[in-house]
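Student: coordinates only, sequence not included:
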């Protein structure tokens, strides 16, 4: 029995397999600096770093402005004992006072509450002051309920006399609303009105000064009624 055909077929198969290309295992290639994906990744990292730095700079940026150490009344001359320097973050820091003016424009022209940042518009010179301090005589009991910075309504009862000469007073009328108390007399300070009663200084708008003085000079009764913080004007 001959094996020649079988060997021929085997040889033919081997030759055919040898003619096929030999497969090569793929290898991971180190990325080149010219790879677009690598460049894009580096740019994204740099952008994130810059954005984070700018965000931190924004939130850490603060300015020094002045805060009222106590309630400031119109007419007060601003001094170092009236303010406290605080560091705050503000969108418009130029709106607030950063230093006490040294050019004579350090007069308080409107009320600033304790703890409030001091607006530049609240400080000016005497010409910008729109109120005047008027001494109003009150009873000792009334003065005891008031303190500097209190808000009061000013009520006036006009004096009148009948045919027999009997003196009486008309129903009280509110002359001023929510004016500030500039000072309250303490025992022994000698501050009193013409009647000998203690006098409380209230800050009266300039256009109402004449009416209040006329009421007091005509013998009318003037009462200061405290206004609570939450009451409607």
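Tutor: Received the coordinates, thanks. Here the structure is a predicted model, which is why all the values come from computation and not from measurement.

Student: Let me know the secondary structure of residue 215.
Tutor: The three-state assignment at residue 215 reads helix, by DSSP: H, G, I helix; E, B strand; the rest coil.

Student: from memory it sits against residue 173, does it?
Tutor: No - Residue 215 is beyond contact range of residue 173, at 9.3 Å (criterion: CB atoms under 8 Å). For the C-beta atoms, the positions are set from N, CA and C on the backbone; glycine is no exception.

Student: neighbour-wise, which of the two wins?
Tutor: residue 215 (21 against 12; other CB atoms under 10 Å).

Student: Now residue 89: closest residue in space, sequence neighbours ignored.
Tutor: With sequence-adjacent residues excluded and distances taken as CB to CB, 6 or more residues apart in numbering, residue 89 is closest to residue 62, at 5.1 Å.

Student: repeat for residue 216
Tutor: Nearest one to residue 216, counting by CB to CB, 6+ apart, is residue 222 at 5.9 Å.

Student: That neighbour contacts residue 211, doesn't it?
Tutor: No - contact status for residue 222 versus residue 211: not in contact, 11.2 Å apart, counting by CB under 8 Å.

Student: For those two, indicate the residue with more neighbours.
Tutor: residue 222 (21 against 14).

Student: which helices and strands does the helix or strand containing the more buried one pack with?
Tutor: Secondary structure assigned from DSSP states H and E places residue 222 in strand 221-226. Applying 3 or more CB pairs under 8 Å, 6 or more residues apart in numbering; DSSP states H and E, one finds that strand 221-226 contacts strand 131-137, strand 151-157, helix 206-217.

Student: Make CSV from those and add distance to residue 115 and mean pLDDT to it.
Tutor: Output for the helices and strands packed on strand 221-226, formatted as CSV (distance: least, CB to CB, whole Å; pLDDT from 0 to 100):
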stretch, distance to residue 115, mean pLDDT
strand 131-137, 22, 88
strand 151-157, 17, 90
helix 206-217, 28, 90
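
Student: Can you tell me which of those is nearest to residue 120?
Tutor: Nearest to residue 120, of all the helices and strands packed on strand 221-226, is strand 131-137, at 18.6 Å by CB to CB.

Student: Summarise which helices and strands the closest one is packed against.
Tutor: Packing partners of strand 131-137 (3+ CB pairs under 8 Å, 6+ apart): strand 173-183, strand 199-205, helix 206-217, strand 221-226.

Student: count of neighbours near the residue lying closest to residue 215 once chain neighbours are set aside?
Tutor: Distances taken as CB to CB, 6+ apart put residue 156 closest to residue 215, at 4.4 Å, once the chain neighbours are dropped. For residue 156, the neighbour count with other CB under 10 Å is 22.

Student: So what sits opposite residue 156 in the bridge?
Tutor: Residue 156 has these beta-bridge partners by DSSP bridges: residue 173, residue 222.

Student: Test my guess that it contacts residue 171.
Tutor: No - here residue 156 does not reach residue 171: they are 10.4 Å apart, not a contact under CB under 8 Å.

Student: Please list all residues in contact with residue 223.
Tutor: 138, 142, 154-157, 172 (CB atoms under 8 Å, 6 or more residues apart in numbering).

Student: So which residue is dead centre in the protein?
Tutor: The residue lying closest to the centre of the chain (CA atoms, centre = their mean) is residue 117, at 5.2 Å.

Student: List phi and psi for it.
Tutor: phi -70, psi 140 (degrees, to the nearest 10).
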